[in-house]
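Engineer: sharing a model prediction with you, sequence too.
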Amino acid sequence: MFKKFDSKQDMVSSSQVKSSVQRGIRAKVLQQFPDLQDYIDDILPKKAAVILVKWSPRYLYVKNLNILPLFYNMASHDHLEIVSVSSKLLFFRQRDGPFYPTLRLLHQYPFILPKQQVDRGAIRFILSGANIMCPGLTSPGGKMVPTEEETIVAVMAEGKQHAISVGKMKLSSENVAKVNKGIAIENIHFLGDGLWYINELEK
């Protein structure tokens, strides 16, 4: 999604949300990631200014025809929304879709997503923006936990401590093992992509 991403050129708008919208974001985040209950006031403090940043996927689509499949399914008027507090980018989503944690946030709170591990051979492909294929999870270096289709997951790698990607299951873990071919996880946000390099939102 963020393989070719320019935080300045692709930005559509940036604004502080109303308190009611902020409460809605907190509620949605806790609904999706209940393990953050004890940490939500650190991540999204009630009195903090929450900034909602919108980027245009249409520009990204024209700019990079090899962008990940998510954008091929998006209407031209859709926008990508990113939630920021104190200039830190925390979560992102497409319109009213589910929130995804940024990798920087996931590295701070690694327990919030189920972990699926790929073998060493898959690492360079994932860090180039490729989706995660079934054999990368079912090989001797791969490990899976029981997970349903469409679940947001942390993609771990053999021999690495931290997640290298945030993805979405295209098949259940059971079907990944049964089919063992094709795409297992859609690579949404990976280490070294455009979003990763935005350490802080410019004021």
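Structural biologist: Cool, the structure landed. Not measured: the values here are computed from a predicted model.

Engineer: please name the nearest non-neighbouring residue to residue 175.
Structural biologist: In this structure, residue 175 finds its nearest non-sequential neighbour in residue 149, 7.5 Å apart by C-beta to C-beta, 6 or more residues apart in numbering. For glycine as for every other residue, the C-beta is placed from the backbone atoms N, C-alpha and C.

Engineer: give me the element that neighbour is part of.
Structural biologist: Assigned by DSSP states H and E, residue 149 belongs to no helix or strand.

Engineer: burial of it, as a residue count?
Structural biologist: 13 (other C-beta atoms under 10 Å).

Engineer: and the gap between it and residue 91?
Structural biologist: 22 Å (C-beta to C-beta, to the nearest Å).

Engineer: coming back round to it: per-residue confidence at the residue nearest to residue 175?
Structural biologist: Per-residue pLDDT puts residue 149 at 97.

Engineer: ditto for residue 197
Structural biologist: So, for residue 197, pLDDT stands at 85.

Engineer: I'd say residue 168 and residue 153 touch.
Structural biologist: Yes: using C-beta atoms under 8 Å, residue 168 is in contact with residue 153, at 7.2 Å.

Engineer: more crowded one of those two?
Structural biologist: Using other C-beta under 10 Å as the criterion, residue 168 and residue 153 rank with residue 153 on top: 24 against 17.

Engineer: what's near enough to touch the more buried one?
Structural biologist: 113, 114, 115, 116, 147, 166, 167, 168, 169, 185 (C-beta atoms under 8 Å, 6 or more residues apart in numbering).

Engineer: partners of it in the sheet?
Structural biologist: Note on residue 153: beta-bridge partners by DSSP bridges are residue 167.

Engineer: and the gap between it and residue 119?
Structural biologist: For residue 153, the distance to residue 119 - C-beta to C-beta - is 16 Å.

Engineer: for the longest helix seen in the chain, list the C-alpha coordinates in PDB.
Structural biologist: Determined from DSSP state H, the single longest helix within the chain is helix 19-32. Presented in PDB, the C-alpha positions along helix 19-32 are these (Å, rounded to 0.1, in the frame of the first residue of the first chain):
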ATOM      1  CA  SER A  19     -14.200  14.900  20.800                       C
ATOM      2  CA  SER A  20     -17.100  12.700  19.600                       C
ATOM      3  CA  VAL A  21     -15.000  11.500  16.700                       C
ATOM      4  CA  GLN A  22     -12.100  10.800  19.000                       C
ATOM      5  CA  ARG A  23     -14.300   8.800  21.300                       C
ATOM      6  CA  GLY A  24     -15.500   6.800  18.300                       C
ATOM      7  CA  ILE A  25     -11.900   6.100  17.200                       C
ATOM      8  CA  ARG A  26     -11.000   4.900  20.700                       C
ATOM      9  CA  ALA A  27     -14.000   2.600  20.800                       C
ATOM     10  CA  LYS A  28     -13.300   1.100  17.400                       C
ATOM     11  CA  VAL A  29      -9.600   0.600  18.300                       C
ATOM     12  CA  LEU A  30     -10.500  -1.200  21.500                       C
ATOM     13  CA  GLN A  31     -13.100  -3.300  19.700                       C
ATOM     14  CA  GLN A  32     -10.500  -4.500  17.200                       C
END
